[in-house]
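[1] sequence plus the predicted model coming up.
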Amino acid sequence: MKLDHGGHITHGNKINISGKIYKSKLYGLNKKGYINYNEIEYLTKKYKPKLIIAGFSSYSRICKWKKFREICNKYNCLLLIDMSHIAGLVAAKIYPNPIKFADIVTTTTHKTLAGPRGGLILAKGKNLNLYKKINSSIFPGIQGGPMMHTIAAKALIFKEALTKRYRKYQKQIIKNCKKMSKIFIKKKFKLISNGTDTHLFVINLLNKNMSGIQAEKILSKSRIIVNKNCIPNDTKKPWITSGIRIGTSAITSRGIKENTSTYIAILICKILNNIKNKNIIFKIKKKISKICNKFPIYK
């Protein structure tokens, strides 16, 4: 997927090593802000790739893994699905599981999965002996000794992911995200894909006459952390951008629910609508500090 349409830099972008070693053709979203599966099939038919990569960094809707599988079967290519950003939602069974559709699944163990920084590569053993090839490529191919403390931390988060508490937490992430996105839409902000089914959404700031980096810096002054993010066909540079990405995993980890999520969204809207008013920014900073004190990371 194109980087400015929500894809990840490691999925064949020219400035990343994946784009330097391999020849990649990138697909994007349609006019409604959903993945353009017709474009994917057109590119597959035209260029006959050995591999299609599905997955994303900032796409807020449900990805149709089955559609990717059908295209791969039709044109005889492998399917790699990167579920790094939604692995926790998948583990909690509230986002479609890609395992049965992909030849290879990759994920980080942090992000929504909420474990230590690390990763996983899953492959089907019978298909072209992929499991053995990938396993030996990692070790002894490119990796040295294992980090046992990280392996132990992964084991703990996998155990946690089997609990009802974990599933409840993941469901709350989406509840908070949907609630916040509706507030932004109500306040006349434009959202890419016009909403969310996941833990995040991207706001298009073009109608607000500000850049993503500008919004990011202003919000940080009020102790609200978001990141600048490209929007589809962005005319601004990646280090400036025309949008911001907002996620709800961190606030949900604090125990925040819908009412407070709504309040935070209202405060963000107020800041972005009054970016030159230092008095408003200062007052909201105090309000955010009270929220953080009410919902501490550690009790």
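    In hand now; what should we look at? Everything numeric here is computed off the predicted structure, so don't read it as measured data.
[2] for the helix-or-strand element of the chain with minimal mean pLDDT, packing partners?
    Of all helical and strand segments in the chain, the minimum by mean pLDDT, DSSP states H and E falls on helix 130-136, at a mean of 86. Judged by 3 or more C-beta pairs under 8 Å, 6 or more residues apart in numbering; DSSP states H and E, helix 130-136 is in contact with strand 119-123. C-beta here means a position set from N, CA and C on the backbone, and glycine is covered the same way.
[3] quickly run through the sheet partners of the strand it packs on, with directions.
    strand 104-108 (antiparallel) (DSSP bridges).
[4] list the buried residues of the partner strand.
    Neighbour-count burial for strand 104-108 flags Ile104, Val105, Thr106, Thr107, Thr108 (criterion: 16 or more other C-beta atoms under 10 Å).
[5] and for stretch 166-185?
    By neighbour count on 16+ other C-beta under 10 Å, the buried set for stretch 166-185 is 166-167, 169-170, 172-174, 176-181, 183-184.
[6] can you give me the mean pLDDT across that stretch?
    Average pLDDT, stretch 166-185: 98.
[7] quick revisit: which one of the buried residues of strand 104-108 is nearest Ile17?
    Thr106 (15.2 Å; C-beta to C-beta).
[8] for the closest one, which residues make a bridge with it?
    Beta bridges link Thr106 to Asp82, Ile121, judged by DSSP bridges.
[9] starting at the chain centroid, how far to the longest helix seen in the chain?
    Assignment by DSSP state H gives helix 164-186 as the longest helix of the chain. Put simply, helix 164-186 sits 14 Å off its chain's centre (C-alpha atoms, centre = their mean, to the nearest Å).
[10] which SSE is immediately downstream of that helix?
    strand 190-191 (DSSP states H and E).
[11] from Phe158, how far out is the closest residue to Gly119 other than its chain neighbours?
    Spatial nearest neighbour of Gly119, excluding adjacent residues (C-beta to C-beta, 6 or more residues apart in numbering): Thr108 at 5.1 Å. To Phe158, Thr108 is 14 Å away according to C-beta to C-beta, to the nearest Å.
[12] and Leu128, what's its pLDDT?
    In this model, Leu128 carries a pLDDT of 69.
[13] oh, that last question was meant for Ile256, not what I typed.
    On the pLDDT scale, Ile256 is placed at 98.
[14] related to what we said a few turns ago, OK, contacts around the residue nearest to Gly119?
    Ser84, Ala87, Arg117, Gly118, Gly119, Leu120 (C-beta atoms under 8 Å, 6 or more residues apart in numbering).
[15] so which of those residues comes closest to Tyr298?
    Taking C-beta to C-beta as the measure, Arg117 is the one of these closest to Tyr298, at 19.3 Å.
[16] quick one: residues contacting that closest one.
    So Arg117 contacts Thr108, Thr109, His110, Thr150 (C-beta under 8 Å, 6+ apart).
[17] burial measure for Ser137, as a count.
    12 (other C-beta atoms under 10 Å).
[18] make 511 the starting number, not 1.
    Okay, residue one is now 511; in that scheme the one you just asked about reads as Ser647.
[19] returning to that earlier point: between the buried residues of stretch 676-695, which is closest to Ser567?
    Closest approach to Ser567 among the buried residues of stretch 676-695 (C-beta to C-beta): Cys687, at 15.7 Å.
[20] excluding chain neighbours, give the residue nearest to that closest one in space.
    Leaving out its chain neighbours, the residue that sits closest to Cys687 by C-beta to C-beta, 6+ apart is Thr758, at 4.4 Å.
[21] hmm, back to that, which elements pack onto the longest helix of the chain?
    Counting contacts by 3+ C-beta pairs under 8 Å, 6+ apart, helix 674-696 packs against helix 597-601, strand 700-701, strand 710-714, helix 759-763, helix 768-782.
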